[in-house]
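Enquirer: Got a predicted model here, sequence first, then my questions.
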Amino acid sequence: KKRIAVMTSGGDAPGMSGAVRAVVRQTIASGCDAFAVYEGYEGLVQGGDMIKQMYWEDVRGWLSEGGTLIGTARCMAFKERPGRLQAAKNMIAKGIDALVICGGDGSLTGADKFRGEWPSLVQELVEKKMCTAEEVEPFKHLNVVGLVGSIDNDMSSTDATIGCYSSLQRICQAVDFIDATAFSHQRAFVIEVMGRHCGWLALMAGVSCGADFVFLPENPPSTDWEKDMCDIVKKHRTLGKRKTIVIVAEGAHDRDLNPIKPSKVKDLLSNEVGLDTRVTTLGHVQRGGTACAYDRMLATLQGVEAVKAVLEATPETPSPVICIVENKIVRKSLLDAVALTHKVADAIESKDFGTAMKLRDAEFTE
Ligand code: F6P
């Protein structure tokens, strides 16, 4: 009987609790024991009560909840081998031999590294007399399966990360609210949205809200962007628009990688276009609130698939990550997905924006 643990890690995202619910219930429905690791890798390192057996009713009502009800944390200890050794000991103490982790690329890479090191960690536990040879005997191999949870939608190989559509919905609501006041006063608003190095939230918000101009990290504006933006905004005004919305991704920069700050955009709109302009930083509002229908569906289908992947895995199977591609739930190699994700960052860093755009999901390639 397998004992499967689920954990959330990195920035929380709406739908993570739904993913935990799905993993717990599919595990139980498959005749296995389910566990939740509280507070991300921190809980794995601390062990004890931080790793709890979960029953069907423990996750009742979790489907619609925002954030993650089992907590998440940034954990320095797990980055060091002694922390991972302790984590391995704690998992063995609970009889856990499979880990489903819902998080961003950093969290998933950490999990795969843990899996790769597992045989040597187990050996070290015996050598250091932290466990006996008999205790570790059934734990020769650790199964790891990734679920991508992040509002940023910054993971390559999947069309949507768990949480991104809830966040986009939240941004659209906020921009709608701003629209009303902008229209009334004929003002301009510069709105900064999250996304770290990824422009998906900004681009989709721009499309969904009919923004006048959008700044993205993958596709920086022309070298003469100040003039271009002002000309476009002026043109929209001459066409009768009473409001101006400019969306700036938090990772936006120009073609020389100098950050494009909302305050600079505001000054241009005020001084060059003559608009009464305000800046709104949406901040963590974008990460909170209940999960939208799409994220509930995605979290549930992917959580179920993650447990199936655990049950079908062999020691030779590379760690999979559960993706959605053209509306199909599929398994891909976790390491390949992470490597492709890093390629986008590398392309941006080397100012190869054409490649960055091509590497992004279909939405970015026209
Ligand atoms: O990755 C999710 C995210 O919300 C990013 O969009 C943002 O850059 C970051 O996390 C903010 O992190 P923190 O909550 O630690 O400030």
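Expert: Alright, I've got the coordinates. Predicted model, so just to flag it, every value in this text is computed and none were measured. Residues are numbered from 1 along each chain as shown.
Enquirer: Phi first, then psi, for the nearest residue to Gly199 once chain neighbours are set aside.
Expert: The spatially closest residue to Gly199, leaving aside those adjacent along the chain, is Leu216, at 3.1 Å (C-beta to C-beta, 6 or more residues apart in numbering). Where you see a C-beta, it was placed from the backbone N, CA and C, and this is true even at glycine. Here is the backbone geometry of Leu216 (degrees, to the nearest 10): phi -120, psi 150.
Enquirer: thought Leu216 was touching Ala249?
Expert: Yes - assessed by C-beta atoms under 8 Å, Leu216 is found in contact with Ala249 at 5.3 Å.
Enquirer: Overlap of the contact sets of these two?
Expert: Counting by C-beta atoms under 8 Å, 6 or more residues apart in numbering, the contacts common to Leu216 and Ala249 are 199, 202-203.
Enquirer: Find me the pLDDT at Asn143, would you?
Expert: pLDDT for Asn143: 93.
Enquirer: typo on my end, it should be Thr365
Expert: pLDDT, Thr365: 44.
Enquirer: Tell me the confidence at the residue in the stretch 51-200 of the chain positioned nearest to the ligand?
Expert: Taking C-beta to the nearest ligand atom, the ligand has its nearest neighbour within the stretch 51-200 of the chain at Met194, 3.2 Å off. Met194 carries a pLDDT value of 98.
Enquirer: which residues sit in contact with it?
Expert: Residues counted as contacts of Met194 (C-beta under 8 Å, 6+ apart) are 151-152, 167, 201, 250, 282-283, 286-287.
Enquirer: Those residues also near the ligand: which ones?
Expert: Among the contacts of Met194, the residues lying close to the ligand (C-beta under 6 Å from any ligand atom) are 151-152, 250, 287.
Enquirer: ok, and the most crowded of those residues?
Expert: Ile151 (33 neighbours; other C-beta atoms under 10 Å).
Enquirer: how about that one, secondary structure?
Expert: When classified by DSSP: H, G, I helix; E, B strand; the rest coil, Ile151 comes out as coil.
Enquirer: swap in the one 3 residues further on?
Expert: State at Asp154, reduced to three classes by three-state DSSP: coil.
Enquirer: Determine the three-state secondary structure at Val344.
Expert: Applying three-state DSSP: Val344 is helix.
Enquirer: Would you mind confirming that it makes contact with Leu359?
Expert: Yes - under the criterion of C-beta under 8 Å, Val344 lies in contact with Leu359, with a separation of 4.7 Å.
Enquirer: so what sits against both of these two?
Expert: Counting by C-beta under 8 Å, 6+ apart, the contacts common to Val344 and Leu359 are Ser156.
Enquirer: ok, these two, which is more surrounded?
Expert: Val344 (23 against 20).
Enquirer: Any figure for the gap between the more buried one and the ligand?
Expert: 15 Å (C-beta to the nearest ligand atom, to the nearest Å).
Enquirer: swap in Asp224?
Expert: Taken as C-beta to the nearest ligand atom, the span from Asp224 to the ligand is 28 Å.
Enquirer: give me the number of residues near that residue?
Expert: 9.
Enquirer: Nearest residue to the residue of the stretch 251-366 of the chain found nearest the ligand in space, please, no chain neighbours.
Expert: Residue of the stretch 251-366 of the chain nearest the ligand, by C-beta to the nearest ligand atom: Arg287 (5.2 Å). Spatially, and ignoring its direct neighbours in sequence, Arg287 is nearest to Ile151 (5.5 Å; C-beta to C-beta, 6+ apart).
Enquirer: Might you report the residue contacts of that neighbour?
Expert: Residues near Ile151 by C-beta under 8 Å, 6+ apart: 11, 13-14, 161, 163-164, 166-167, 194-195, 201, 286-287.
Enquirer: and the residue nearest the centre of the chain, how far is that from Gly251?
Expert: Most central in the chain under C-alpha atoms, centre = their mean is Ser150, positioned 1.7 Å from the mean C-alpha point. Distance from Ser150 to Gly251, counting by C-beta to C-beta, to the nearest Å: 14 Å.
Enquirer: Which residues of the stretch 151-300 of the chain lie near the ligand?
Expert: 151-152, 194-196, 250, 287.
Enquirer: and the shared contacts of Leu216 and Ala249, which are buried?
Expert: Neighbour counting over the shared contacts of Leu216 and Ala249 (16 or more other C-beta atoms under 10 Å) leaves 199, 202-203 as the buried ones.
Enquirer: Got phi/psi on the residue nearest to Arg287?
Expert: phi -70, psi -20.
Enquirer: Let's see the pLDDT reported for it.
Expert: pLDDT recorded at Ile151 is 97.
Enquirer: Can you add secondary structure and give the residues of the stretch 151-300 of the chain next to the ligand back as a markdown table?
Expert: Below are those laid out as a markdown table (three-state DSSP):
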| residue | secondary structure |
| --- | --- |
| Ile151 | coil |
| Asp152 | coil |
| Met194 | coil |
| Gly195 | coil |
| Arg196 | coil |
| Glu250 | coil |
| Arg287 | helix |
